[in-house]
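A.B. asks: pasting the structure only:
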């Protein structure tokens, strides 16, 4: 297994299109480093989980059965940061701008 330089942890809830754009952007614009992407889905019901499984097979998906919120999902045991394989961790919260 290759050594991971950076882990990108993305917490998402019902943001399928934004999440897809985010994942495409990371894949297209990242080069020269070994990275992993971990998506922690907060019980979305908009097809986000299915989209990640179908379109982004290299992404590590953690699908929560309940929406525990950003902080809980990133830091709780066995989720988010606990699942990363690097010392350099970038955390991104995806916010659905339509709801604000």
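C.D. replies: Sure, I can see it. Just so we're clear, the structure is a prediction, and the values are computed from it rather than from any experiment.
A.B. asks: okay, CA-based contacts and neighbour counts for the rest of this
C.D. replies: Noted.
A.B. asks: what stretches of this protein score poorly on pLDDT?
C.D. replies: Filtered on pLDDT under 70, the chain yields the residue ranges 1, 69-100.
A.B. asks: could you point out the longest helix in it?
C.D. replies: Scanning the chain for the longest helix, with DSSP state H as the assignment, gives helix 16-29.
A.B. asks: could you pull out the helices for this protein?
C.D. replies: 16-29, 48-55, 70-75.
A.B. asks: number of residues surrounding the residue nearest to residue 2 when sequence neighbours are not counted?
C.D. replies: The spatial neighbour of residue 2 that comes closest, neighbours along the chain excluded (CA to CA, 6 or more residues apart in numbering), is residue 34 at 7.6 Å. Using other CA atoms under 10 Å, residue 34 has 13 other residues around it.
A.B. asks: and residue 47, by the same measure?
C.D. replies: Using other CA under 10 Å, residue 47 is surrounded by 12 other residues.
A.B. asks: once you drop chain neighbours, what's closest to it?
C.D. replies: Nearest non-adjacent residue to residue 47, counting by CA to CA, 6+ apart: residue 16, 6.5 Å away.
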